[in-house]
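Peer 1: Pasting a predicted model and its sequence here:
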Amino acid sequence: MPKSADRGRRTREQLLDAAAQLVGEVGWGAVTTRLVAERAGVNAALVHYHFSSVPELLSTAALRFASKMLTESADVLRAADPAAGIERMLEELSRYTGTDPESLLLAEAFLAAHRLPELRSSLAALVADFRSRVAAWLHDSGVKDADAVALLLGAAIDGLVLHRALDESVDFRVVAGPFRRLVTG
């Protein structure tokens, strides 16, 4: 790959990383071209060279993170039987406090998705893919109503993080038993 293309790819990654961090710190609506460029350590003109607008940059950053997180979560589940998968999922989930930058990035992205149809469509596709992967894992493990259980697990994950954002004393381990019963019958 030519050096300029490699440099361009690195700059794009720096911009995406900076945007994702800033959303968690200052909120979706407060992120500006100048803030992103300063955080990334690049000229502000490069923001619009790589992205047509700040909303496109923020959407791309949020989707990149959401895709990575959902893929990792599905892989954690699929690497074990349902009961052990639940334990691993809750362990992974404990790193999200609801007020950490990554949780805030996702919360802001879900809010922005109501104003940005392309973001909404892309997030919906990622969530549907996650549910599908979890449902396939559950089905292969003999869980009854695998599609419905996958939906419940996805919604529960979201809800647990939201509850923890409001109450830091929320301990995900207390739901391990009910979740295990849900997936083992």
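Peer 2: Thanks, I have the structure now. Numbering: from 1, shown residues only.

Peer 1: Between the two ends of stretch 108-118, how far is it?
Peer 2: Taking Cα to Cα, to the nearest Å, the first and last residues of stretch 108-118 lie 15 Å apart.

Peer 1: what about that stretch, distance to the chain center?
Peer 2: 14 Å (Cα atoms, centre = their mean, to the nearest Å).

Peer 1: quick one: His139 from Ala124, how far?
Peer 2: Per Cβ to Cβ, to the nearest Å, His139 is found 22 Å from Ala124. The C-beta positions use only the backbone N, C-alpha and C, and glycine is treated the same way.

Peer 1: Let me know the pLDDT of the nearest residue to Ser94 once chain neighbours are set aside.
Peer 2: Distances taken as Cβ to Cβ, 6 or more residues apart in numbering place Phe172 nearest to Ser94, at 5.5 Å, with adjacent residues excluded. Looking at Phe172, its pLDDT stands at 87.

Peer 1: Give me the below-cutoff pLDDT ranges for the chain.
Peer 2: 1-2, 185 (pLDDT under 70).

Peer 1: And the helices in this protein?
Peer 2: All helices of the chain, identified by DSSP state H, fall at 3-26, 33-40, 45-50, 54-78, 82-93, 101-112, 117-140, 146-166, 176-184.

Peer 1: List the buried residues for the fifth one?
Peer 2: In other words, helix 82-93. Pro82, Gly85, Ile86, Arg88, Met89, Leu90, Glu92, Leu93 (16 or more other Cβ atoms under 10 Å).

Peer 1: Before I go, just wanted to say thanks for your time.
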